[in-house]
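Colleague: With the sequence up front, the predicted model follows.
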Amino acid sequence: MKHIISMLIENESGALSRVSGLFSARGYNIHALTVAPTEDDSLSRLTLVTSGTSQEVEQIVKHLNRLIDVVKVLDLTEGLHIERELMLIKLSATGDTREEYKRLVDIFRGDIVDVTATTYTVQMVGKSTKLDAFIEVIDPGLILETVRSGTVGVMRGEKCLHL
Amino acid sequence: MTGAQILIHYLEDEGVEHLWGYPGGAVLPIYDALDTDAKNLSHILVRHEQAAVHAADGYARSTGKPGVVLVTSGPGATNAVTGIATAYMDSIPMICITGQVPTGMIGLDAFQEIDTVGVTRPIVKHNFLVKNVDDLASTLKKAFYLATTGRPGPVVIDIPKDVQNAKSTYAFPQEVEMRSYLPITKGHGGQIKKAVEMMLSSKRPVLYTGGGVILGDASAELVELTHKLGFPITQTLMGLGAFPASDKQSVGMLGMHGTYEANLSMHNSDLIIAIGARFDDRVTGNLEKFCPDAKIIHVDIDPASISKNVLVDIPIVGPVKQVLTEMLRILDKTDLTMDQEALDDWWLQIEGWRATNCLRYDSAGVKIKPQAAVEAVWKSTKGDAYVSSDVGQHQMFAAQYYPFDKPRRWLNSGGLGTMGFGLPAAMGAKMAFPDETVLCITGEGSIQMNIQELSTCLQYGLSVKIICLNNGFLGMVRQWQEFFYERRYSMSYMDSLPDFVKLTESYGHVGIRIDDPKTLQAQLDEVFSEKYKNRLVFVDIITDQQENVYPMIPAGAGLNEMILV
Ligand SMILES: Cc1ncc(C[n+]2csc(CCOP(=O)(O)OP(=O)(O)O)c2C)c(N)n1
Ligand SMILES: [Mg+2]
């Protein structure tokens, strides 16, 4: 099963490589990883998506907690949470497909953010599964480029990941 | 003060006695400050950086205090890597200070530049690159705190040369606070209580204890608990000495070359109480066949060690000493009692296994048996020496035939299995305990991996005794080739060996060869007599080349599938 693990790490050079190094050294996989500063400049928020049995993921969380630069760790998938990913996807759009893509983008509540005579660049936000679904309905031969941000997320309600 | 001076003053204020190191361009300011500012700190100049780290490690293992190392950038740091990894695998408290090229040159492939923080990241508890001299003292404080608390381990501090030269003010930091590091100080009371209840309701229990008991200074508590419970106890290679081997409740070491009674007690138990041990693959054998009927209680300071290889029923995360003390307290006031009849039956069964006398060996013949050599060393030293070992058959013979009754006496690289560890580790222990007998049990293969340290031993009067079980083979490799590769002895024969006696003499020490079983004991008695008290003696013992380590659990087998002879 997929797990979204969210953590606060020290905003120091090397902190990210400690996390990614742990995953490669112990043979855990990373489907996606995203990291950026927070409102507190001493901390960064890192979110990663991994998969494994609940026992494996528990072990991953324990190892993450052991890293000195990791301040707090939370497996978002354990509770009710909101997850989002941003995608920019550039499509080859000529002739009939131009209208068809516009309709599809509307259905998926995306935006066409750049247009040329032969291309559309679509911005789409949602759960990763929704982005997957959009990609699936497009003829693969017409996808020019896909950029995804990786998943970020928070717990629902008042529960927060903070110091 | 300069950064270099701050470092020296800090180490003295921290109470560091010895600094094991080797100079080079990127640490010249520190070496200069050592000359101008050091008062109590003694520096030992080794002959290879790997040995500096192992020596600091041997000091740490034998004393419980952190070992401290100083090496230069680039090749100095990479030479130290094997030693750091060795300490990491066995959770040894250590501080390794490495020089680095000036901050402005980092990343430019400067002379002797290496990304030390990157190279050592997977083999340290933590590491630091100090970019600002104002942070140096507080970083040192953090490093010692990290290395010595929680699950101990090595910490590397990389200090660029310009930071060593830069000026700042110095005051010993009294306090340290790290928001992301809060070592656990207490085990969960409810879990401990549940564990004690489970212990008292078991019928075939066994205590399985490891290096964590020694690291956590919990020997006394372990002995008390074991006596109070009356359970059998088996110890890992890393745990030897925490509970006295001569005590009747000890069933010896377990695992690949453990005793029959230890492994069968584990396999047939209904409850395993694991304390400061980590279910290493050399201990468990095939996990699918591991202890089918046993419930497991696991006490460890590191949550990540629990349920890593084997799922446990009652995890207890906490310092071993505190948890055992709490167990003793609960035992004292509980109304529950043990099923004494079941325990008696259990012991009867164990005594049956013990009666196979699995460590017996055929001592007849004209060649010295390595087992006999170790037993003779034990006799000569009255079983009370500090014993380091290298890696191979001799290491297993040492563990099997030199029973330890005290903790911190047995110094060996259990986790990484580093050949070349033995001699420098013995040097570290000898530096800490100059009046005690310190010896290194080694092989003709392993000793050559750090033999250059004979020179350091002369310079500092480190009169360790080197017991080389010379079988002319990379014996442990040869044994596996005999068992599993149809006796194709590919590259396990040690040809062109030096004359160790002459070699030792050329280093200014005493060399003695023993090749006759009849004179073995007398010659060893002399080695450990007053006569050589202040001399390093290299004892080259020519042993039976064909001898193998038994019992043995072959790879893939369960603990109950031992090869006895
Ligand atoms: C640095 C290192 N290289 C290789 C090995 C693999 N290895 C394990 S035991 C052994 C043989 C050791 O030979 P020796 O020191 O003569 O001991 P013996 O087994 O003969 O007693 C080797 C090569 C190791 N443990 N460490
Ligand atoms: Mg050998």
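Modeller: Alright, I've got the coordinates. Residues are numbered from 1 along each chain as shown, chains lettered A, B, ... in the order given. Ligands and ions are numbered 1, 2, ... in the order given.
Colleague: got the residues of chain B near ligand 2?
Modeller: Applying C-beta under 5 Å from the ion, we find that chain B lies next to ligand 2 at B:443-445, B:471, B:475. For every residue, glycine as well, the C-beta is placed using N, CA and C.
Colleague: now those in CSV, with secondary structure?
Modeller: As requested, the residues of chain B next to ligand 2 are exported to CSV (DSSP: H, G, I helix; E, B strand; the rest coil):
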residue, secondary structure
B:G443, strand
B:E444, coil
B:G445, coil
B:N471, coil
B:G475, helix
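Colleague: mind giving me a markdown table with these and columns for neighbour count, pLDDT and distance to B:K186?
Modeller: Formatted as a markdown table, the residues of chain B next to ligand 2 follow (neighbours: other C-beta atoms under 10 Å in any protein chain shown; pLDDT from 0 to 100; distance: C-beta to C-beta, whole Å):
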| residue | neighbour count | pLDDT | distance to B:K186 |
| --- | --- | --- | --- |
| B:G443 | 29 | 98 | 44 |
| B:E444 | 24 | 98 | 49 |
| B:G445 | 26 | 98 | 46 |
| B:N471 | 25 | 98 | 49 |
| B:G475 | 28 | 98 | 46 |
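Colleague: quick check, nearest of the residues you listed to B:A166?
Modeller: Nearest to B:A166 among the residues of chain B next to ligand 2, counting by C-beta to C-beta, is B:G445 at 46.1 Å.
Colleague: continuing past the helix or strand hosting B:M396, what's the next helix or strand?
Modeller: Here B:M396, judged by DSSP states H and E, is contained in helix B:393-401. Going down the chain from helix B:393-401, the next helix or strand is strand B:410-411, by DSSP H and E.
Colleague: what does the helix holding B:M396 rub up against?
Modeller: Defining contact as C-beta atoms under 8 Å, 6 or more residues apart in numbering or on different chains, one finds that helix B:393-401 is touched by B:237, B:240, B:252-253, B:257, B:259, B:359, B:370-371, B:373-375, B:378, B:387, B:389, B:410, B:412, B:441-443, B:446, B:469, B:471, B:475-476, B:479, B:547-549.
Colleague: Strands - which of the residues you listed land there?
Modeller: Under the assignment DSSP state E, the contacts of helix B:393-401 contribute B:252-253, B:387, B:389, B:410, B:441-443, B:469 to strands.
Colleague: helix/strand/coil for B:Q191?
Modeller: Looking at B:Q191 with three-state DSSP, the answer is helix.
Colleague: Check the burial of the residue of chain A found nearest ligand 2 by counting its neighbours.
Modeller: Ligand 2 sits closest to A:A25 of chain A, with a gap of 32.2 Å, by C-beta to the ion. Neighbours of A:A25 under the rule other C-beta atoms under 10 Å in any protein chain shown: 12.
Colleague: Show me how the record splits chain A into domains.
Modeller: Split into domains by automatic domain parsing, chain A comes to A:2-79, A:82-152.
Colleague: and the first one, does that touch chain B?
Modeller: To tie it back to what came earlier, the one meant is domain A:2-79. Yes. Domain A:2-79 reaches chain B (C-beta under 8 Å from any C-beta of the partner chain) through A:10, A:14, A:17-18, A:21, A:25, A:55, A:58-59, A:62-63, A:65-66, A:68-71.
Colleague: And that domain, end to end?
Modeller: This stretch, domain A:2-79, spans 13 Å end to end (C-alpha to C-alpha, to the nearest Å).
Colleague: mean confidence score for that domain?
Modeller: The average pLDDT within domain A:2-79 is 95.
Colleague: Just to be sure, B:G428 is in a helix?
Modeller: Yes. Under three-state DSSP, B:G428 sits within a helix.
Colleague: Could I get the contacting residues of it?
Modeller: B:20, B:54-62, B:67 are the contacts of B:G428 under C-beta under 8 Å, 6+ apart.
Colleague: So which of the residues you listed is the closest to B:G150?
Modeller: B:A60 (15.4 Å).
Colleague: Quick check: nearest residue in space to the residue of the stretch 51-200 of chain B found nearest ligand 2, chain neighbours excluded?
Modeller: In the stretch 51-200 of chain B, the residue that lies nearest ligand 2 is B:H54 (19.2 Å; C-beta to the ion). Among residues not flanking B:H54 along the chain, B:P424 sits closest, at 3.7 Å (C-beta to C-beta, 6 or more residues apart in numbering or on different chains).
Colleague: Please work out the residue of the stretch 101-250 of chain B nearest to ligand 2 and name it.
Modeller: Closest to ligand 2 within the stretch 101-250 of chain B is B:L237: 18.7 Å, counting by C-beta to the ion.
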